[in-house]
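A.B. asks: Starting from these lines, generate the structure:
(one chain, ligands or ions: 1)
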Amino acid sequence: MEHPVVVSLQDIVVDFDGEPVLTGLSLDIHDKEFVTFLGPSGCGKTTTLRVIGGFVQPKSGRVLFDGQDITNLPPYKRHVNTVFQKYALFPHLNVFENVAFGLRLKSRDEKAIRSQVLQMLEVVGLKGFERRRVTTLSGGQQQRVAIARGLINRPRVLLLDEPLGALDLKLRKEMQLELKRLQQALEITFIYVTHDQEEALTMSDTVVVMNGGLIQQIGSPEDIYNEPTNAFVADFIGESNILNGVMHRDFLVEFAGREFTCVDKGFAPNQLVQVVVRPEDIQVVPAIQGQLTGVVRDVIFKGVHFEMHVEQGDFEWIIHSTRASQPGEMIGMCIGPDEIHIMPREE
Ligand code: ATP
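C.D. replies: Okay, the predicted model is just below:
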């Protein structure tokens, strides 16, 4: 069952110095959901987060929280906390006091503060670190303090702005799993900003793909990966082969110089389309058996698979395969109907 909407953005417009940044953005975020804003640098992810937090005032549009209009409410009156990429910890305070800060503002009694802080430090894996100065902690430990501080008041919604951006790859992957576990255990709505598509696909219930201040697609990680709505999403989410094609009739599309059976229907006869084929969905076969043939240009070992660039006519295919072909070799390629994703062609 879908949870009720907690945050609703309605037709949000934001300009900076007369430059449009968000141009009428609307979005519903559900309670207990892990939502990620994903898009290239400058597309408006952080600005959207800041509108929800109350740090940026939209020029027009409304922000609703549990159905109440909070557009003009200051940040500290919203049931929302923020974890910033740069942690923003207080260097003169120890770990305990950094986490306790939000509770002290609310003048909770000392015993309650102590038990809540110790419990939260345990949740984020920092039991025993209470007295440490935050300046003596590693990047990953500082990030945990920032997360504990964001969660200590049990906000309904936690905003996270590229919180793992400063960590090395291994630690980032560990923290991704931990954040997901935390979010599920505490049942708090997480709204997360990243430009890393793998991070978005790993952690989210819902991914919001943005470009140029507009939402391109909203969906589950599987939907976004398997059924991109346009070439921008297909290209941004993982590597893709994107070709122009013509949809002759239901279940029959032409691209790369030949016809293919597909599972799509409902297009106009001979409608111009774009065809997306993921690199891992192309089967490499002997040249004589291929629906298409091409010449291998290069082969790169990627750990779990080989990445090959294959020239076919004037198109260069990217193929992921567990078996390497040789540069210069002529290979065959087969693409099953389920592996062909079709989108109307954009002008
Ligand atoms: P990144 O991943 O690089 O952080 P982003 O998608 O989060 O990018 P935003 O930070 O929302 O993008 O910025 C969107 C646009 O608004 C950018 O062109 C940015 O330069 C501009 N912008 C953001 N904040 C301000 C500000 N306070 N004053 C002027 N322009 C701003």
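A.B. asks: So which residues make contact with stretch 94-102?
C.D. replies: With Cβ atoms under 8 Å, 6 or more residues apart in numbering as the test, stretch 94-102 has contacts from 81, 89-90, 93, 113, 117, 120-121, 126, 129-134, 137, 145, 148-149, 152-153. The way it works is simple: take the backbone N, C-alpha and C, and place the C-beta from them, glycine included.
A.B. asks: rerun that using 6 Å as the cut-off
C.D. replies: 89-90, 113, 117, 129-134, 145, 148-149, 152-153 (Cβ atoms under 6 Å, 6 or more residues apart in numbering).
A.B. asks: Just the buried ones from these?
C.D. replies: Neighbour-count burial (16 or more other Cβ atoms under 10 Å) is assigned, among the contacts of stretch 94-102, to 89, 113, 117, 129-130, 134, 145, 148-149, 152-153.
A.B. asks: could you redo these as TSV and give each row secondary structure?
C.D. replies: Formatted as TSV, these follow (DSSP: H, G, I helix; E, B strand; the rest coil):
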residue	secondary structure
Leu89	coil
Ile113	helix
Val117	helix
Phe129	coil
Glu130	coil
Val134	helix
Val145	helix
Ala148	helix
Arg149	helix
Ile152	coil
Asn153	coil
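A.B. asks: for the residue most central in space within the chain, what are its contacts?
C.D. replies: The chain has Ala200 as the residue nearest its centroid, 2.9 Å off, counting by Cα atoms, centre = their mean. Ala200 makes contact with 36, 38, 194, 207 under the criterion Cβ under 6 Å, 6+ apart.
A.B. asks: which residues touch the third one?
C.D. replies: Contact criterion Cβ under 6 Å, 6+ apart gives 162, 200 as the residues in contact with Thr194.
A.B. asks: can you do 7 Å?
C.D. replies: Contacts for Thr194 were tallied using Cβ atoms under 7 Å, 6 or more residues apart in numbering; they are 36, 38, 162, 200.
A.B. asks: Now do the same for the last one: its pLDDT.
C.D. replies: The reference is to Ala200. Turning to Ala200, the model gives it a pLDDT of 93.
A.B. asks: did I read that right, it in a strand?
C.D. replies: No - going by three-state DSSP, the assignment for Ala200 is helix, not a strand.
A.B. asks: From the ligand, how far out is the residue nearest to the centre of the chain?
C.D. replies: 12 Å (Cβ to the nearest ligand atom, to the nearest Å).
A.B. asks: Dihedrals phi and psi, the nearest residue to Ile318 once chain neighbours are set aside?
C.D. replies: Distances taken as Cβ to Cβ, 6 or more residues apart in numbering place Pro279 nearest to Ile318, at 4.7 Å, with adjacent residues excluded. Pro279 adopts backbone torsions of phi -60, psi -30, taken as degrees, to the nearest 10.
A.B. asks: Can you give me the distance of Pro279 to the ligand?
C.D. replies: 26 Å.
A.B. asks: distance of that residue from Tyr225?
C.D. replies: 12 Å (Cβ to Cβ, to the nearest Å).
A.B. asks: Then Val253?
C.D. replies: On the measure of Cβ to Cβ, Val253 and Tyr225 end up 20 Å apart.
A.B. asks: higher neighbour count, those two?
C.D. replies: Val253 (22 against 19; other Cβ atoms under 10 Å).
A.B. asks: That one: what's it in contact with?
C.D. replies: Taking Cβ under 7 Å, 6+ apart, one finds 245, 247, 260, 262, 273, 275, 340, 342 in contact with Val253.
A.B. asks: Repeat that for Met247.
C.D. replies: Met247 neighbours (Cβ under 7 Å, 6+ apart): 253, 267, 271, 273, 342.
A.B. asks: Tell me which of the residues you listed fall in strands.
C.D. replies: 253, 271, 273, 342 (DSSP state E).
A.B. asks: okay if I get the residues you listed as JSON lines plus pLDDT and distance to Gly53?
C.D. replies: As requested, the ones in strands among the contacts of Met247 are arranged in JSON lines below (pLDDT from 0 to 100; distance: Cβ to Cβ, whole Å):
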{"residue": "Val253", "pLDDT": "97", "distance to Gly53": "45"}
{"residue": "Gln271", "pLDDT": "95", "distance to Gly53": "43"}
{"residue": "Val273", "pLDDT": "95", "distance to Gly53": "40"}
{"residue": "Ile342", "pLDDT": "92", "distance to Gly53": "39"}
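A.B. asks: ok, so of the residues you listed, who is nearest Asp66?
C.D. replies: Of all those, Ile342 has the smallest distance to Asp66: 40.0 Å, by Cβ to Cβ.
A.B. asks: can you give me phi and psi for the nearest residue to that closest one once chain neighbours are set aside?
C.D. replies: Nearest residue to Ile342 in three dimensions, chain neighbours excluded: Asp264, at 4.4 Å (Cβ to Cβ, 6+ apart). The phi/psi pair for Asp264 (degrees, to the nearest 10) reads phi -90, psi 150.
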